[in-house]
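Novice: sharing a model prediction with you, sequence too.
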Amino acid sequence: MIIILKPIATKKDADEIIAQIEGLGLKPLYMPGVERTVLGAIGDERVLAGLHLESHPLVERITPILTPYKMVSRDIHPENTVVDIGNVPVGGKPFVVIAGPCAVETREQMIATALAVKEAGAHCLRGGAFKPRSSPYSFQGLGVKGLRILKEAGQKTGLSVTTEVVEAGDVPIVEPYADALQVGARNMQNFRLLTKLGQCRKPVILKRGMAATVEDLLLAAEYIVAEGNPNVILCERGIRTFETATRNTLDLNAIPFLKQKSHLPVIVDPSHGTGIRDYVAPMAKAAAACGADGLLIEVHINPKEALSDGQQSLYPEQFSRLMKELKPFVKAAGRELTT
Ligand code: PEP
Ligand code: MN
């Protein structure tokens, strides 16, 4: 429920109502604004009826939050949320590009790729150390050794780093090495993992499951935010459809939808979204044009030799060209790309 207070209500008045909401076992939200303060009450809304807030002298209006997700809804938080990956803000005016290999393979591969993406103007570095692969026979990642290499590559280039965490028990292992933790498509509804990530402070890049609706994605984000971590970045990475020409179908409808319904930043992964190197740049531009806050792109120093996702990884020179070509699209969408 959203409770809009009258302009004359003071902080003390708001605190009194918050205490009453808490007393009912509901989760209160306090959102001071320039003109008036807005409060939220999350939980079983029938319980709130007992407070008769509609007749409270300092309450202007009460409106129910009609969406199944609450804390991630724009209804309750009209301004965009900006999430910092290290020193890189995501969700504000600057358009953010996160780039790097699918997986950390060797120190040489990771550092060479990191230097190349930095040179091209990327803002953050990616690299998987724990890889959730569709086949148990595929390369599963270097684990903690990979995390150490990734961190070193981040330090060498000054780039903030993101990497995937595949299970709840691994969160304390991965957290110290990364500026943001990625939840992969195969784990979007691993609710124990989401809850665990809700208890940590690091930002979470939550990728849409390949068979998940956008509402499922927002509800998955709600698990993290409701548990106490407001730093969630949503990522559209393509879904399974009847189309087999590409690895996935990149659902760009999701971008304006998510931006309208939620205050969380939204980025796009055209690498997994298409699965085909040649289609990454056009879809990256399309994502920028339709209002995404940033991109997650796979780049490999030598894609032919990549241990995972080589066919969709850009060569460094292709990535460098893309960074230049993206600029007019980013500008047209009212954003800024600094390289
Ligand atoms: C990845 O980013 O390398 C990855 C495994 O992505 P997804 O979870 O979207 O398949
Ligand atoms: Mn990959």
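Specialist: Done, it's in. Ligands and ions are numbered 1, 2, ... in the order given.

Novice: pLDDT score for the residue in the chain positioned nearest to ligand 1?
Specialist: Residue nearest to ligand 1 within the chain: residue 184 (2.9 Å; CB to the nearest ligand atom). Heads up, the C-betas are built off the backbone N, CA and C, glycines and all. Model confidence at residue 184, given as pLDDT, is 98.

Novice: check residue 175 too.
Specialist: pLDDT, residue 175: 97.

Novice: doesn't residue 199 make contact with it?
Specialist: No - contact criterion CB atoms under 8 Å: residue 175 and residue 199 do not qualify, at 10.6 Å.

Novice: what about the two, which has more around it?
Specialist: Higher neighbour count among residue 175 and residue 199: residue 175, with 15 against 12, using other CB atoms under 10 Å.

Novice: who's in contact with the more buried one?
Specialist: 165, 181, 200, 202 (CB atoms under 8 Å, 6 or more residues apart in numbering).

Novice: would you check how far apart it and residue 267 are?
Specialist: 20 Å (CB to CB, to the nearest Å).

Novice: buried ones in the biggest helix by length in the chain?
Specialist: Longest helix in the chain, counting residues (DSSP state H): helix 316-332. Buried residues in helix 316-332, defined by neighbour count with 16 or more other CB atoms under 10 Å: 316, 318-320, 322-323, 326-327, 329-330.

Novice: ok, these vs residue 52, which is closest?
Specialist: Nearest to residue 52 out of these is residue 330 (CB to CB; 49.7 Å).

Novice: I'd guessed that closest one sits against residue 337; true?
Specialist: Yes - between residue 330 and residue 337 there is a contact under CB under 8 Å: 4.2 Å.

Novice: which residues are common contacts for these two?
Specialist: With CB under 8 Å, 6+ apart, residue 330 and residue 337 have common neighbours 95, 288.

Novice: just the closest residue of the stretch 51-200 of the chain to ligand 2, please.
Specialist: residue 102 (3.2 Å; CB to the ion).

Novice: which residues touch the closest residue to that residue other than its chain neighbours?
Specialist: Leaving aside its sequence neighbours, residue 102 sits nearest to residue 309 (CB to CB, 6 or more residues apart in numbering; 3.8 Å). Listed by CB under 8 Å, 6+ apart, the contact partners of residue 309 are 102-103, 271-272, 298.

Novice: again, only using 10 Å
Specialist: Counting by CB atoms under 10 Å, 6 or more residues apart in numbering, residue 309 makes contact with 101-103, 128, 131, 133, 247, 271-272, 275, 277, 298, 300, 303.

Novice: now do it against residue 41, distance only.
Specialist: 45 Å.

Novice: for the residue lying closest to residue 5 once chain neighbours are set aside, the count of nearby residues, please.
Specialist: Excluding the flanking residues, the one nearest residue 5 by CB to CB, 6+ apart is residue 37, at 4.6 Å. Neighbourhood size, residue 37 [other CB under 10 Å]: 20.

Novice: wait, residue 37 touches residue 2, no?
Specialist: No - using CB atoms under 10 Å as the test, residue 37 is too far from residue 2 to be in contact (11.4 Å).
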